[in-house]
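1. Based on what follows, work out the 3D shape:
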Amino acid sequence: MLQVAGKKVAVITGITGQAGSYLADLLLSKSYEVHGVLRRVGHLGQAAHLASRVTWHTLCMEDYDQVRQLIERVQPDEYYNLAAVSFVPRSIEHPLETMSVTGMAVVYALEAIRQLHLPVRFFQAGSSEMFGKVCTAPQNEDTSFRPQNPYATAKVLAHNSVQNFRNHYGVFACNGILYNHESPRRGPEFVTRKITSSVARIACGLQSQLVLGNLDVQRDWGYAADFAEALWRMLQQPEPDDYVIGTGKLTTLRQLIEIAFDAVGLTGQDKVVVDPKFVRPPEQVCRVADISRARAKMNWNPTTPLEQWFREMIQHDLRLAQAELAGRQAA
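-> The predicted structure is shown next:
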């Protein structure tokens, strides 16, 4: 495939998720030619608004020959790997699929780049889940990994593979260790969307309670669109490196709940139920990002305040709830 003169070419796996779709938005705004990888024909997910602006490829990321053929045909300048079995409970139910999609697929892409001798710059999306039960806070690029589930274990495999291909074969490959990142494009199975969707539905009279676990759980939550900027900046640096990407700030579920109910003009009193089956053992040390390297080397900082992007999520789910209510009333 011939590249358009003067345009950089990027491949994005996992483009149908929130981070991948925001990254595609960013690259298109910078006049990139963007190629998106799908597992199923026509399943565009959060990238549906980009249907006519992206070149689509349907392939199995766990098939080395298919991955090599894609890279050889497209010859991208940059390759962003965001594809993964990213919901931890699903990874526990399907460990083989998780290790294949989230771990070995990265090795296949890196080996294809090496075998083809192409100057592709490669990004791998890691996760703070790799740190597991941490002993120190905040965590940086040198903090030890102690993965506690198949998802995190597969991510560690991918992370180490990036370092090996960089150190032994000279591939320009970067790891981003990403902390929780959220947006209106977040999947409904994740707790932030559970909160915003439930509160929106409560406000519209479609449900009566928000059911959660420990309300004092703390996380380092950031905005997916801010993180997309960090991914792009990694591959613009003169030398490849690994970077922790987060906010360096902790927020509890209780605080998110207060913001959500306030945004719809309600209080959470008598509307929030703690279900013991969702309660996890308390964490002695929290996972929170030390983003010193990203600040110093890439001049990157998260710029969108938590309350701003979380209220955007609530307004998004409120529109969905209002549409559902209108549909019920019209039926």
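
2. So, low pLDDT: which residues of the protein?
-> 1-5, 86-87, 282 (pLDDT under 70).

3. go with 50
-> 1-3 (pLDDT under 50).

4. What segments of the stretch 101-250 of the chain are strands?
-> Residue ranges of the strands in the stretch 101-250 of the chain, as given by DSSP state E, counting those that start in this stretch, are 121-127, 172-178, 181-182, 210-212, 218-219, 222-223, 242-245.

5. correct me, but Y80 touches L231?
-> Yes. At 6.2 Å, Y80 counts as touching L231 under the criterion of C-beta atoms under 8 Å. For every residue, glycine as well, the C-beta is placed using N, CA and C.

6. secondary structure class for P76?
-> coil (DSSP: H, G, I helix; E, B strand; the rest coil).

7. In terms of neighbours, single out the busier of Y80 and L231.
-> Remark: of Y80 and L231, Y80 carries more neighbours, 31 against 27, as counted by other C-beta atoms under 10 Å.

8. how about that one, secondary structure?
-> strand.

9. May I have the beta-bridge partners of it?
-> I12, F123 (DSSP bridges).

10. can you pull the contacts of it?
-> Contacts for Y80 (C-beta atoms under 8 Å, 6 or more residues apart in numbering) come out as 10-14, 20, 23, 123, 125, 231, 235.

11. got JSON lines for the strands of the stretch 101-250 of the chain, with mean neighbour count too?
-> What follows is the strands of the stretch 101-250 of the chain, written out as JSON lines (neighbours: other C-beta atoms under 10 Å):
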{"stretch": "strand 121-127", "mean neighbour count": "25"}
{"stretch": "strand 172-178", "mean neighbour count": "25"}
{"stretch": "strand 181-182", "mean neighbour count": "25"}
{"stretch": "strand 210-212", "mean neighbour count": "18"}
{"stretch": "strand 218-219", "mean neighbour count": "20"}
{"stretch": "strand 222-223", "mean neighbour count": "24"}
{"stretch": "strand 242-245", "mean neighbour count": "25"}
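
12. closest to G327 out of those strands?
-> strand 210-212 (22.3 Å; C-beta to C-beta).

13. from the chain's centre, how far out does the closest one sit?
-> 24 Å (C-alpha atoms, centre = their mean, to the nearest Å).

14. packing partners for it?
-> Strand 210-212 is packed against helix 191-203, helix 253-263, strand 272-274, with contacts defined by 3 or more C-beta pairs under 8 Å, 6 or more residues apart in numbering; DSSP states H and E.

15. Can you list the strands that it pairs with?
-> Paired strands of strand 210-212, defined by DSSP bridges, are strand 272-274 (parallel).

16. Name the residues of the partner strand that come out as buried.
-> Residues V272 are the ones in strand 272-274 that count as buried (16 or more other C-beta atoms under 10 Å).
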